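In: build me a structure from this.
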Amino acid sequence: MTTEAGKESAGAGEAVLADVQQQKLAALHNIERLVRFGLDSGLTAPLDESFVRNALLDLFGFTEPLDEGTAAAQPAEDNPLAIVEALLDYGASIGLIQHNTTTWRDLLDARIMGLLMPRPSETAGQFARIAEREGIVQATNFFYKLNIDSNYIRMDRIRKNEYWQQTTAYGNLEITINLSKPEKDPKEIALLKTLPPSRYPKCLLCADNVGYAGRADHPARQNLRVLPLTLHDEKWFFQYSPYVYYNEHSIVFRGEHVPMQISPLTFARLLDFVEQFPHYFIGSNADLPIVGGSILNHDHFQAGRHTFAMAEAPSETSYSHPELQGVTADIVKWPLSVLRLRGRNKETLLAAAERFLEAWRSYSDSLVDIEAFTTVDGKHVPHNTITPIARLRDNGEYELDLVLRNNRTSEEHPDGIFHPHQHLHHIKRENIGLIEVMGLAVLPGRLKSELEAIAPYLTGEVSADSKPLSESSHSLHHHAIWFNELLGKYGSGLSEDEARLALQSEVGNKFLEVLQDAGVYKQTSEGRTAFQRFVASAGWTAV
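Out: Residues are numbered from 1 along each chain as shown. Alright, predicted model coming up:
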């Protein structure tokens with residue numbers, strides 16, 4: 001005889017089964033939606049439809065799809081985000097990922113989207129055909145769209161970044177607060193500390209990343225595609241950055257895992273690239289700590305289809321060299337110390353760049369704190385290097401910007417004499433790499449909430465006396481000096497919009513100070529004279 005409790009238990013079990021069945025049907029439906037997106041976007045060729053569907057079915061543990069023709073009946077989708085999120089939820093529910101956190105969901109995300117994509121060789125072949133038939137601009141348009149459609153470039157996250165421009169005497173600086181890289185869950189951070197070191201792939205830039213499934217401490221790259229390049233008769237690769245900081249932000253990396261090194265060959269490779277991609281600029285981080293980028297162990301460049309303020313900065317003084325006819329060298333009006341070389345003859349321009357590099361590597365001027373070498377334990381430690389940027393102008397003229405860098409430290413400035421100084425670290429203390437050098441600030445994500453917390457003081461919503469920022473326990477303590485300056489300048493009667501704009505302007509001014517600190521020759525009469533002294537020492541004469 002069935003008891004009431006038994007009936008209730010059976011009813012609950014039937015409800016669970018019905019719910020599970022509904023989840024399965026929804027997952028099958030989303031698989032068809034994703035197949036339709038792959039076909040519509042061009043990620044999936046029509047001949048590959050069954051192959052892709054079957055791969056997705058297998059991944060999620062199904063042996064057959066919904067009714068035939070279901071994919072074609074699905075509405076067109078602009079992007080796969082909602083579909084993939086639903087499939088990630090289902091994947092988490094059936095145990096496809098170890099933890100339902102962003103890191104593990106991203107691993108499955110790349111795995112899913114990788115199934116929709118052509119093989120790397122097919123992508124490279126299609127790029128080459130488009131470039132030959134329609135031109136390099138259409139080819140990069142195709143490849144950039146593929147990277148967005150495949151969810152490799154996470155446009156949904158990139159749109160979260162804060163962005164504004166700051167008008168200065170040097171042009172409009174660009175300011176971004178980087179919110180696109182997800183923060184690690186505390187449990188993930190604890191897990192990472194227990195993982196043994198891995199030797200594969202050697203770094204995030206190696207070509208071995210293509211197709212890699214990833215792990216807790218290394219992103220999945222099944223949806224990564226790279227293009228082969230030849231630069232100065234060497235094997236290189238081209239890819240887009242997953243977290244683009246500007247339009248078509250690209251990474252060009254060497255086939256071999258070798259350290260960064262600025263040399264005459266660097267300049268030759270850069271000019272080779274702009275000949276092949278004339279609508280892009282390309283540049284390299286410096287090759288020394290403090291003034292270099294975050295990855296120094298793998299030689300690489302960054303490129304893209306974007307005009308930075310530095311590219312539009314005017315010349316202050318022009319120079320010529322008797323042995324380098326047709327090449328001009330300009331001191332550029334910019335917070336950092338920039339020499340802009342221009343010329344139509346590639347080899348002559350490269351010879352000029354090589355001479356400046358050689359001269360700068362060994363140049364010292366104690367009057368302005370520049371020392372090429374210091375001695376540590378009996379060894380000469382080099383400090384001078386260059387951040388180079390190349391362009392090919394529409395008039396056929398090659399352009400090579402040489403940004404002079406020095407990574408020496410002192411007791412007063414232990415993080416770097418030509419690095420953001422201590423009073424700016426509450427805004428920016430990281431290395432000033434290529435992107436910042438050109439005028440785009442990439443600021444830490446913490447600033448968003450911190451600026452939002454400061455704004456109510458400027459509107460009077462929160463009293464400055466409520467809890468002084470001077471107390472070390474205050475969450476905004478590191479902004480205390482700046483905060484007092486803000487209150488003294490703006491008071492506490494601003495509107496919300498006025499407070500937001502005021503803070504943006506003040507952050508922009510701080511970034512300008514950051515760039516000025518990084519300049520080896522300051523924008524003063526003494527600094528300009530010292531800069532001219534270096535150029536003259538290299539054999540150049542003002543014209």
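In: quick one: low-confidence residue ranges for this protein.
Out: 1-13, 68-72, 182-193, 466 (pLDDT under 70).
In: again, 80 this time
Out: Applying pLDDT under 80 to the chain flags residues 1-17, 68-74, 181-195, 197, 293-294, 465-468.
In: from Val368, how far off is Arg528?
Out: 11 Å (Cβ to Cβ, to the nearest Å). Placement of C-beta: from N, CA and C, glycine included.
In: between the two, which contacts overlap?
Out: Residues touching both Arg528 and Val368 by Cβ atoms under 8 Å, 6 or more residues apart in numbering: Tyr521.
In: quick one, which of those two is more surrounded?
Out: The neighbour comparison of Arg528 against Val368 (other Cβ atoms under 10 Å) goes to Val368, with 18 against 15.
In: how about that one, nearest residue that isn't a chain neighbour?
Out: In space, and not counting its chain neighbours, Val368 is closest to Ala530: 4.5 Å by Cβ to Cβ, 6 or more residues apart in numbering.
In: same check on Ala329?
Out: Ranked by Cβ to Cβ, 6+ apart and with sequence neighbours excluded, the top spatial neighbour of Ala329 is Tyr319, at 4.4 Å.
In: would that neighbour count as being in a strand?
Out: Yes - when DSSP: H, G, I helix; E, B strand; the rest coil is applied, Tyr319 is found to be in a strand.
In: do I have it right that it meets Trp540?
Out: Yes - here Tyr319 reaches Trp540: they are 3.9 Å apart, a contact under Cβ atoms under 8 Å.
In: what is in contact with the two at once?
Out: Common neighbours of Tyr319 and Trp540 (Cβ under 8 Å, 6+ apart) are Ala329.
In: more neighbours, those two?
Out: Each of Tyr319 and Trp540 has its neighbours counted (other Cβ under 10 Å); Trp540 has more, 25 against 21.
In: tell me the spacing between the more buried one and Pro468.
Out: Counting by Cβ to Cβ - Trp540 and Pro468 are separated by 55 Å.
In: same deal with Ala353?
Out: Distance from Ala353 to Pro468, by Cβ to Cβ: 53 Å.
In: looking at these two, which is more packed in?
Out: Taking neighbours as other Cβ under 10 Å, Ala353 and Pro468 compare with Ala353 leading, 26 against 12.
In: what sits closest to Ala464 if chain neighbours are left out?
Out: Per Cβ to Cβ, 6+ apart, closest to Ala464 is Tyr457, 5.6 Å.
In: now do the helix or strand containing the one you found: which elements does it pack against?
Out: Under the criterion of DSSP states H and E, Tyr457 resides in helix 446-459. Judged by 3 or more Cβ pairs under 8 Å, 6 or more residues apart in numbering; DSSP states H and E, helix 446-459 is in contact with helix 480-490, helix 496-518.
In: buried ones in it?
Out: By neighbour count on 16 or more other Cβ atoms under 10 Å, the buried set for helix 446-459 is Leu447, Lys448, Glu450, Leu451, Ile454, Ala455, Tyr457, Leu458, Thr459.
In: with stretch 211-226 instead?
Out: Gly211, Tyr212, Gly214, Ala216, His218, Ala220, Arg221, Gln222, Asn223, Leu224, Arg225, Val226.
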